[in-house]
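Peer 1: please work out how this folds:
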Amino acid sequence: MPSESQPYVDGRQPDQDRPPVADRLDDDHFPAYTMGRAAELVGATPAFLRALGDARLITPMRSDGGHRRYSRHQLRLAARARELVDQGTPVDAACRIVSLEEQLERAEQVNEDLRRQGADPVRGHR
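Peer 2: You can find the predicted model right below:
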């Protein structure tokens, strides 16, 4: 286990571009999963994950060695796309649906945040 003077497994010191390990573990967008593990968790093949990348639903990060790495957020999107494909939806259409669902969720969150602040979500002010 790394010491405080050596917080990263690879021995590098922390810097502005790299949050502490504990923060990365809680980060939903941290690319923690290899392609094989991601495919296993989603219940799909690596080819399916590559197809989602080709359709631009998910864009995996790359390790120093060039291997694809996926985040938990990306795995949730992939799992939703797989669910739609399993129901007979073509991959490209499933990716579009998931993308639109994601956009809607973000818009709803923005509206909720504005409501909590007392602003008019349509006009953007009080």
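Peer 1: buried stuff in stretch 103-116?
Peer 2: Across stretch 103-116, burial judged by 16 or more other C-beta atoms under 10 Å covers residue 114. Quick note: C-beta positions are derived from backbone N, CA and C, even for glycine.
Peer 1: tell me the helix or strand right after the host helix or strand of residue 75.
Peer 2: Element membership for residue 75 (DSSP states H and E) is helix 72-86. Where DSSP H and E defines the elements, the next helix or strand beyond helix 72-86 is helix 91-117.
Peer 1: quick one: mean pLDDT for that following helix?
Peer 2: Averaging pLDDT along helix 91-117 gives 95.
Peer 1: which elements pack onto that helix?
Peer 2: Judged by 3 or more C-beta pairs under 8 Å, 6 or more residues apart in numbering; DSSP states H and E, helix 91-117 is in contact with helix 46-54, helix 72-86.
Peer 1: buried residues in the helix holding residue 75?
Peer 2: Going by 16+ other C-beta under 10 Å, helix 72-86 has these buried residues: 72, 74-75, 77-78, 80-82, 84-85.
Peer 1: which among the helices and strands packed on helix 91-117 is found nearest to residue 36?
Peer 2: helix 46-54 (6.8 Å; C-beta to C-beta).
Peer 1: next up, the contacts around the closest residue to residue 79 other than its chain neighbours.
Peer 2: Closest residue to residue 79 apart from its sequence neighbours, by C-beta to C-beta, 6 or more residues apart in numbering: residue 42 at 5.0 Å. By C-beta atoms under 8 Å, 6 or more residues apart in numbering, the contact set of residue 42 is 48-49, 75, 78-79, 82.
Peer 1: pLDDT score for residue 42?
Peer 2: Per the predicted model, pLDDT is 95 at residue 42.
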